[in-house]
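Enquirer: Give me the fold of what follows.
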Amino acid sequence: MQFGFIPCVNSIGNPIGNPLMNLHGIYSLKHGYVMTKSLNTCGVFPLLYTKSRRNCVSMSTQASESTSIATENTGMRANFIKNRVIQDLQSGKHTSILTRFPPEPNGYLHLGHAKSIVLNFELAKEFGGNTNLRFDDTNPEKEDEEYVQAIMKDVHWIAGEHGLSGDTPWLNLTYSSDFFQKMYEFAIELIRKGLAFVDELTPEEVREMRGNLTTPGIESPYRTRSVDENLELFEKMKNGLIDEGKMILRAKIDMKSSNMNMRDPALYRVKKVAHQRTGTEWVIYPMYDFAHCLSDSIEGITHSLCTLEFEEHRALYDWILDHVSVDCHPQQIEFSRLNLQYTVMSKRKLIRLVEEKYVNGWDDPRMPTICGMRRRGFTPNSLYLFADRIGVSKAESFTDYSVLEDCVREDLDHKAPRAFAVLNPIRLVITNWNKGQSDVFEAPIHPKRPEFGTRKIQFDGDVFIDGSDFMMDPPGKYFRLAPGRLVRLKFAYVVKCDEVITDESGNVNELRCTYIPETRAGQTPEGMKKVKGIIQWVNASDAVSATVRVYDRLFSVPEPGKNTEGDFISDLNPNSLSEVSAFIEPWAGSILNLKSAEPENALEMKSTIDQDSNENPILFETKAFQFERVGYFVRDPDSEHSNLILNRVVTLRDTWLK
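Expert: Now for the predicted structure:
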């Protein structure tokens, strides 16, 4: 049986829940909205409803019988937050889920934020709900429109169904500054109730009188001011008549509380700084703890997901909402933040890396920033896979960087087309090849994706091989090319190295070899021992040149600064970036030379493999190529048509494995 439901709207007039979304196949939602300012409702509910503090309650017996939420492990893996959502839906506390991702627009997002983005958007999506993107813009000194735009792009890229080419994934785009007037009114309400006062202690005095974990705090001498005096002073603060640092508005809670956040915390301060959205309209700004919970409530958020450092702040979150006239009281739930080895995610440390030019900007592919990972060639799906693999818990731990790299490999292995490329190339000339002779070999574009078709590789007897595939004096069990040894050029012929041409310094310039015609395309003639070594190559006459940026981990130790008295800079990996010359297969080069091949552009990439007709180009699911035996690579935005620059996304195997 299906029931018609009408989505409620929150107190800013936006619908809570997507009326087109199906909740586990149970609800068939109709268009239309009902205003519920008088209710504390957080979700979508039947036409019959009742008032209920903090809950959205169905009055329909039939509806309650039909709204059981599937508890099988579908969607994201089971975790304590998902279990809480299931309980809230089953109990009728909520009938729809609305989460939010609330970044501060004062920097670029990093991998830790990616974990939160995936959690908020996927949790809501799994239960037929939605997610808001809200900017907590309450600190105008450090905020900038540049960060706003960058954050919107990052969230769109990760959470959008089709990356940057699809619709934005959030239900509403909001700002805490949208609610400044309502927050001011809530502050007035607390003053009128005798629960907030204007304090004139200096910041130093406030800290001193706050006490510590073993010593109770001391009440401010201004705590006993009358309601009228507090209202008058707060009005002066609002009107710009009070200098910065002279007065703050504090909550009147308990200076003896064991929770330091409850010792009369600051709610408002004077900041005579123009705001990036509201200009000079306001000179007082709410503190984060005050703005956070009220913004959640105004938007009708059901579950407010935060990292563990906010666990001690939950009591204040609840206290504020319990003492002002709000209709919705969200549930704050905390989870452990991401700690990833071989990198840093402290905003202070990242700023130092950028400002002191240890990296080349916020989007440097070695950075853990989302824009840096996107430029390097990481995919949204690999970040989802990573978030799922590390899970959600309250336990603080460090995740090895190899887990992230494995997720990237796993995603790209299935999607990335294959091609030949050689780094630090060495020329190899077949001396017994007839001049003017040419051969063409056919190779799969992807060994496990026959629908991708095949590519044609020309062979003229003059090729480049990878510099790592030749050694003058190889060790035992070395099966690649060396003087007097045989090796197979993949898909082509077995060749033998007869002569090595070097320069005055002993560097190898050219290898002169002979080929065995009977070994064409993988054949082994009768009586000949099968050659173990197989290497890639690129035909010299049509090879596409490129500069390859070989990226590695930014730091050389798992926990930068741990063993160097906090000096994380001394733990930087000196080999985190190197540039090498390369030649790549022409069909891959023709695609990578296109601006549309950059990761910033639309997700799908067209190939023009069919050399006879371009009527039915193949669409790949990623911008990355797997260069066989080398790794995964993408085009860098610094590229120009005459100067192709590629970034190594990740190696084919974990090179850090001990």
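Enquirer: CA atoms for contacts and neighbours, from now on please.
Expert: Will do.
Enquirer: Out of all residues in this structure, which is the farthest from the middle?
Expert: residue 527 (55.9 Å; Cα atoms, centre = their mean).
Enquirer: From residue 468, how far off is it?
Expert: 30 Å (Cα to Cα, to the nearest Å).
Enquirer: Identify all contacting residues around stretch 254-269.
Expert: 187, 210, 212-213, 216-219, 244-245, 247-253, 284-287, 289-290, 312-313, 315-316 (Cα atoms under 8 Å, 6 or more residues apart in numbering).
Enquirer: Buried among those residues? Make that a PyMOL selection.
Expert: In PyMOL syntax, the buried subset of the contacts of stretch 254-269 is picked out as below (16 or more other Cα atoms under 10 Å):
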select buried, resi 187+210+216+217+219+247+248+249+250+251+252+253+284+285+286+287+289+290+313+316
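Enquirer: Could you list the low-confidence segments of this protein?
Expert: Scanning the chain for pLDDT under 70 picks out 1-74, 601-618, 657-658.
Enquirer: Do you have the helices of it handy? List them.
Expert: Remark: helices assigned in the chain by DSSP state H are 61-66, 80-91, 111-126, 145-159, 180-192, 203-209, 227-238, 288-299, 314-322, 347-355, 370-376, 380-390, 401-415, 586-592.
Enquirer: what's the distance between the closest residue to residue 471 other than its chain neighbours and residue 466?
Expert: Nearest-residue entry for residue 471: residue 482, 5.3 Å, with adjacent residues in sequence omitted and distances by Cα to Cα, 6 or more residues apart in numbering. Separation of residue 482 from residue 466 (Cα to Cα): 13 Å.
Enquirer: Give the residues shared as contacts by those two.
Expert: Residues touching both residue 482 and residue 466 by Cα under 8 Å, 6+ apart: none at all.
Enquirer: Verify the stated contact: residue 353 with residue 359.
Expert: Yes - with contact defined as Cα atoms under 8 Å, residue 353 counts as touching residue 359 (6.0 Å).
Enquirer: circling back to that earlier point, any idea which of the helices of the chain is most buried?
Expert: Compared across the helices of the chain, helix 370-376 shows the largest average neighbour count, a mean of 24 (mean count of other Cα atoms under 10 Å).
Enquirer: Run through the residues that contact the nearest residue to residue 652 once chain neighbours are set aside.
Expert: Distances taken as Cα to Cα, 6+ apart place residue 631 nearest to residue 652, at 4.8 Å, with adjacent residues excluded. Neighbour list for residue 631: 648-652 [criterion: Cα under 8 Å, 6+ apart].
Enquirer: Just among the residues you listed, which is most surrounded?
Expert: Neighbour counts for the contacts of residue 631 peak at residue 649, which has 29 neighbours (criterion: other Cα atoms under 10 Å).
Enquirer: and the gap between that residue and residue 216?
Expert: In terms of Cα to Cα, residue 649 sits 54 Å off from residue 216.
Enquirer: repeat for residue 495
Expert: 83 Å.
Enquirer: How about residue 357?
Expert: Residue 357 sits 45 Å away from residue 216, going by Cα to Cα.
Enquirer: Let me see the ranges of the strands in the stretch 201-350 of the chain.
Expert: Ranges of strands within the stretch 201-350 of the chain are 248-251, 266-270, 284-286, 303-307, 331-335, based on DSSP state E, counting those that start in this stretch.
Enquirer: Go ahead and name everything in contact with the shortest one.
Expert: Strand 284-286 has contacts (Cα under 8 Å, 6+ apart) with 138-139, 180, 183, 237-238, 267-272.
Enquirer: Direction included, what does it pair against?
Expert: strand 266-270 (antiparallel) (DSSP bridges).
Enquirer: quick one, the partner strand and helix 314-322 angle?
Expert: Using axes from the mean of the first three to the mean of the last three Cα atoms, to 10 degrees, the inter-axis angle of strand 266-270 relative to helix 314-322 is 80 degrees.
Enquirer: Kindly tell me how buried the closest residue to residue 648 other than its chain neighbours is, as a neighbour count.
Expert: Leaving aside its chain neighbours, residue 648 sits nearest to residue 633 (4.5 Å; criterion: Cα to Cα, 6+ apart). The local packing of residue 633 (other Cα under 10 Å) involves 25 other residues.
Enquirer: likewise residue 423?
Expert: The number of residues packed near residue 423 is 21, by other Cα under 10 Å.
Enquirer: quick one, what contacts it?
Expert: 465-468, 548, 580-583.
Enquirer: Check the gap between it and residue 235 for me.
Expert: Counting by Cα to Cα, the gap from residue 423 to residue 235 is 68 Å.
Enquirer: Repeat that for residue 649.
Expert: Residue 649 is 56 Å from residue 235, where distance means Cα to Cα.
Enquirer: One more: residue 185?
Expert: To residue 235, residue 185 is 11 Å away according to Cα to Cα.
Enquirer: Tell me which residues touch the closest residue to residue 295 other than its chain neighbours, please.
Expert: Distances taken as Cα to Cα, 6+ apart put residue 176 closest to residue 295, at 6.1 Å, once the chain neighbours are dropped. Contact analysis of residue 176 by Cα under 8 Å, 6+ apart lists 134-138, 291-292, 295.
Enquirer: rewinding a little: residue 198: which of the contacts of residue 631 is nearest?
Expert: Of all those, residue 198 sits closest to residue 649, with 54.6 Å by Cα to Cα.
Enquirer: which ones are touching the closest one?
Expert: 376-378, 551, 631-634.
Enquirer: switch the cut-off to 7 Å
Expert: Residues near residue 649 by Cα atoms under 7 Å, 6 or more residues apart in numbering: 376-378, 632-634.
Enquirer: measure it to residue 538 for me?
Expert: Going from residue 649 to residue 538 by Cα to Cα gives 21 Å.
Enquirer: again with residue 626
Expert: Using Cα to Cα, residue 626 is found at 15 Å from residue 538.
Enquirer: for stretch 186-200, the distance to its chain's centre please.
Expert: On the basis of Cα atoms, centre = their mean, to the nearest Å, stretch 186-200 sits 40 Å off its chain's mean C-alpha point.
Enquirer: Same check on stretch 492-499?
Expert: On the basis of Cα atoms, centre = their mean, stretch 492-499 is displaced by 47 Å from the centre of the chain it belongs to.
Enquirer: One more: stretch 338-354?
Expert: 14 Å.
Enquirer: what does stretch 178-198 give?
Expert: With Cα atoms, centre = their mean, you get 36 Å for stretch 178-198.
Enquirer: For that stretch, give me every contacting residue.
Expert: So stretch 178-198 is contacted by 223, 225, 227, 230-231, 233-234, 247-252, 295, 324 (Cα under 7 Å, 6+ apart).
Enquirer: which one among the contacts of residue 423 gets closest to residue 507?
Expert: For the contacts of residue 423, the nearest to residue 507 is residue 467 (10.8 Å; Cα to Cα).
Enquirer: quick one, what contacts that closest one?
Expert: Residue 467 makes contact with 423-426, according to Cα under 7 Å, 6+ apart.
Enquirer: so can I have CSV of those showing distance to residue 84?
Expert: Shown next, in CSV, are the contacts of residue 467 (distance: Cα to Cα, whole Å):
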residue, distance to residue 84
423, 52
424, 55
425, 57
426, 60
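Enquirer: Now for residue 655, how many residues are close by?
Expert: Residue 655 has 10 neighbouring residues, counting by other Cα under 10 Å.
Enquirer: what's it sitting at in phi/psi?
Expert: Dihedral angles of residue 655 (phi, psi; degrees, to the nearest 10) stand at phi -80, psi -10.
Enquirer: Can you tell me how far it is from residue 425?
Expert: 21 Å.
Enquirer: And for residue 414?
Expert: 28 Å.
Enquirer: Residue 376 touches residue 365, doesn't it?
Expert: Yes - at 4.7 Å, residue 376 counts as touching residue 365 under the criterion of Cα atoms under 7 Å.
Enquirer: now the strands for the stretch 1-150 of the chain?
Expert: 4-9, 28-29, 34-35, 44-45, 98-101, 130-135.
Enquirer: helices or strands next to the last one in the packing?
Expert: Under the contact definition 3 or more Cα pairs under 7 Å, 6 or more residues apart in numbering; DSSP states H and E, strand 130-135 sits against strand 98-101, helix 111-126, strand 173-175.
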